[in-house]
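Novice: Next come a sequence and a model predicted from it.
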Amino acid sequence: MRKRFVFAVLALAGLAACEEPGVTPPKPDAALNARGPVGIVVEIKFREELKVRVDAQGRLRSERGVSLAALQAVLDRLNIRNVRPLLSVPADRLAALVSEAQARSAEPVPDMLSWHHLTFSPGADVQAALAELRARPEVEHVYVAPTPAPPPVTPDFTPNQDNYFGAAPSGTEELFAKILTGGRGVGVVLVDLEYDWNFGHEDLGLFPSILITGDLYPQFGLDHGTAVLGIEVGRDNGLGVTGGAPDATIRVGSPFYSGVYKPADAITNSSSQVTAGDVLLLEQQTIGPPADTGYIPLEWISSVYDAIRLATGAGRIVIEAAGNGGRNLDASLYNGRFNRSQFDSRAIIVGAGDGANARLPFSSYGSRVDVQGHGTSVTTTGFGDLFGDSQNDLYTAVFNGTSSASAIVAAAATTVQGYVKHGAHPVRTPQGMAILLKSTGSAQTGNTSERIGPKPNLRAAVAQLDGPVLAPSVSFVGCTGFAGTANIRVTTNADVSTLTVEKRPAGQGAWSVYATFQNDAAGTQHTLTVTTPGPQEMRAKSTDATRTPPDSPYTGSGSFDC
């Protein structure tokens, strides 16, 4: 079989526009969202406390009984047509997902039913209308609906092949992990969210029925999705490549619904069809505010941020590309949207590094980026520069970018979940997975001020999973309010079945249980108020009933007296 070299040219689509505090959307274009003469489509979120819904006649109503007559009059005057819910998720599946998120998460669960699409007639002054809608007290967000950015594919770097699944620190130790029970991802569902795929590739052997939401969108070609599937679940068949989690249950989802780009709908639809511990890979990126032109994480879109929060709140592991814009996500123009203390979707955001774990120039970066994957010269299915003369036997040696990086990290997360499902460990939560991959990964090199995080090291991750239970952190925060009140912060450092906090007079007497917390996720913080007068101290331990021994050592606060 002869080799051939195929060079793909990717046409850029319209750029996504997002309204955020202090950011004005770009001037709309009749081609936005691929709607042509239909008009301009806008995403709008009404205040959650109003519970705004659309009745059978397309009129707005509030389930709280609040009059929406003034708002409806504005919509009528603006000749806005086709106000519809953003989501197409069946009501029973959405209700189950929300219920699960409420049971698992202490944070408020976003009301995705407050998000709607509305359409402006062609020729409407959309900018003026958006300004008027933003001024309405019933409206929380409104902006021109996002349009698809091309998948995060980067130029053809030097085709120096790196063994990205090999030994750390360059590789993720996937080859080691795959020989472990469950390490090939069996029992875990992995959903790839993007545009199109070649299911019939010889190294995939998949069926179109794995598409669980949305419609195929061929505008950007099918090679990108095919390359991602090769990294994830390429078959172990003695030819081509073998995926990092070849025994995982693979599903795919598209953000297109009857020609409309709705990534938040695709995320929520996909999340509602899998279970806690399964993995959702967002092979998407978007454009930031008008002053910016580079690609950044998809959660910049407000509806997407809410959809991810709902998914991670329900225990789904979301892996998100940082984008190929080379942007500093800590920059002021992003209005704190990538400041974890202000906005934390719990997605694992992935940057792209080279074989030495230094940031590649195209990769967006910042404090919100959790981990990196290999972002250059990755061998996988598709494209055809390496081998092949028909669509079903094409291979590449130069798949790159935060595309390859996030796919590699998704494979690592799937491997971890497969391993713990088949051993004596609880399935990792989103926070627990992030902490595990970051705390055991191979360190970033180069300019570490431009953070893309460590590269997963599955050998070290497995060692930590099989080692002693990690103890919590305990610290004295200080005295507040009236004399005699002290605040102690206890932070859970791993997913645990029980966190136990005890106290006693400083240096003497028996310890007594002060508080217990069940099924704490890694990274959970508890601030406890102590009003007992006089010098005293506190200590805490973590318990994981699946470990031997089941208890961590105690860690203490030291003596304090307010």
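Specialist: Right, received. Where do you want to start? Residues are numbered from 1 along each chain as shown.
Novice: Number of residues surrounding residue 502?
Specialist: 18 (other Cβ atoms under 10 Å). Glycine gets a C-beta too; all of them are placed from N, C-alpha and C.
Novice: which residues does the residue nearest to it when sequence neighbours are not counted contact?
Specialist: Of all residues not flanking residue 502 in the chain, residue 511 sits nearest, at 4.3 Å (Cβ to Cβ, 6 or more residues apart in numbering). Listed by Cβ atoms under 8 Å, 6 or more residues apart in numbering, the contact set of residue 511 reads 502, 503, 504, 539.
Novice: pretty sure the second one contacts residue 514?
Specialist: When you say that, I think you mean residue 503. Yes - between residue 503 and residue 514 there is a contact at 4.6 Å, judged by Cβ atoms under 8 Å.
Novice: any shared contact partners between the two?
Specialist: Joint contacts of residue 503 and residue 514 (Cβ under 8 Å, 6+ apart) are 530, 538.
Novice: of those two, who's got more company?
Specialist: For residue 503 versus residue 514, neighbours defined as other Cβ under 10 Å are more numerous around residue 503 (21 against 18).
Novice: looking at this, the more buried one is in a helix?
Specialist: No - with DSSP: H, G, I helix; E, B strand; the rest coil as the criterion, residue 503 is located in strand rather than a helix.
Novice: need the contact list for it.
Specialist: Residue 503 makes contacts with 511, 512, 514, 530, 532, 536, 537, 538, 539, as judged by Cβ under 8 Å, 6+ apart.
Novice: Turn those residues into a markdown table, including distance to residue 360, secondary structure and pLDDT.
Specialist: Below are the contacts of residue 503 laid out as a markdown table (distance: Cβ to Cβ, whole Å; DSSP: H, G, I helix; E, B strand; the rest coil; pLDDT from 0 to 100):
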| residue | distance to residue 360 | secondary structure | pLDDT |
| --- | --- | --- | --- |
| 511 | 51 | coil | 94 |
| 512 | 54 | strand | 93 |
| 514 | 49 | strand | 94 |
| 530 | 49 | strand | 87 |
| 532 | 54 | coil | 82 |
| 536 | 52 | strand | 89 |
| 537 | 48 | strand | 92 |
| 538 | 45 | strand | 92 |
| 539 | 45 | strand | 95 |
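Novice: Please indicate which of the residues you listed are buried?
Specialist: By neighbour count, with 16 or more other Cβ atoms under 10 Å, the contacts of residue 503 hold 514, 530, 536, 537, 538, 539 as buried.
Novice: Check the gap between the last one and residue 518 for me.
Specialist: Distance, residue 539 to residue 518, by Cβ to Cβ, to the nearest Å: 19 Å.
Novice: which ones are touching residue 325?
Specialist: Neighbour list for residue 325: 285, 288, 292, 293, 294, 295, 296, 362, 364 [criterion: Cβ under 8 Å, 6+ apart].
Novice: Next, it: secondary structure please.
Specialist: Applying three-state DSSP: residue 325 is coil.
Novice: Name the nearest residue to it, ignoring sequence neighbours.
Specialist: residue 294 is the one closest to residue 325 (Cβ to Cβ, 6+ apart), at 2.5 Å.
Novice: how close does the one you found sit to residue 329?
Specialist: Following Cβ to Cβ, the distance that separates residue 294 from residue 329 is 10 Å.
Novice: and these two? which has more neighbours close in?
Specialist: Between residue 294 and residue 329, counting by other Cβ under 10 Å, residue 329 is the more crowded of the two (24 against 15).
Novice: Surely that one is in contact with residue 338?
Specialist: Yes - counting by Cβ under 8 Å, residue 338 is a contact partner of residue 329 at 3.8 Å.
Novice: where do the contact lists of the two overlap?
Specialist: With Cβ under 8 Å, 6+ apart as the test, residue 329 and residue 338 both reach 296, 297, 366, 367, 368.
Novice: ok, now which ones touch residue 63?
Specialist: 50, 51, 52, 53.
Novice: Could you tell me the per-residue confidence at it?
Specialist: Listed pLDDT for residue 63 reads 94.
Novice: Ok, the one 5 residues further on next?
Specialist: We have a pLDDT of 94 for residue 68.
Novice: Quick check: bridge partners of the residue nearest to it when sequence neighbours are not counted?
Specialist: Excluding the flanking residues, the one nearest residue 68 by Cβ to Cβ, 6+ apart is residue 60, at 4.7 Å. Residues in a beta bridge with residue 60, per DSSP bridges, are residue 54.
Novice: Nearest to residue 81 among the contacts of residue 325?
Specialist: residue 288 (29.3 Å; Cβ to Cβ).
Novice: how many neighbours does that closest one have?
Specialist: For residue 288, using other Cβ under 10 Å, the count is 29.
Novice: One more: residue 515?
Specialist: What residue 515 shows, counting by other Cβ under 10 Å, is a neighbour count of 15.
Novice: Tell me what it is bridged to.
Specialist: Beta-bridge partners for residue 515, by DSSP bridges, are residue 501.
Novice: from here on, count from 8
Specialist: In the new numbering, first residue 8, that becomes residue 522.
Novice: didn't it look like it was pressed against residue 535?
Specialist: Yes - if you go by Cβ under 8 Å, residue 522 and residue 535 touch, sitting 6.1 Å apart.
Novice: Could you name every residue contacting both of these two?
Specialist: residue 508.
Novice: Can you read off the pLDDT for the residue nearest to residue 75?
Specialist: Reported pLDDT for residue 67: 93.
Novice: Can you name the residues that contact it?
Specialist: Residue 67 makes contact with 53, 59, 60, 61, 75, 78, 79, 82, 90 under the criterion Cβ under 8 Å, 6+ apart.
Novice: Quickly note the distance from it to residue 138.
Specialist: Taken as Cβ to Cβ, the span from residue 67 to residue 138 is 20 Å.
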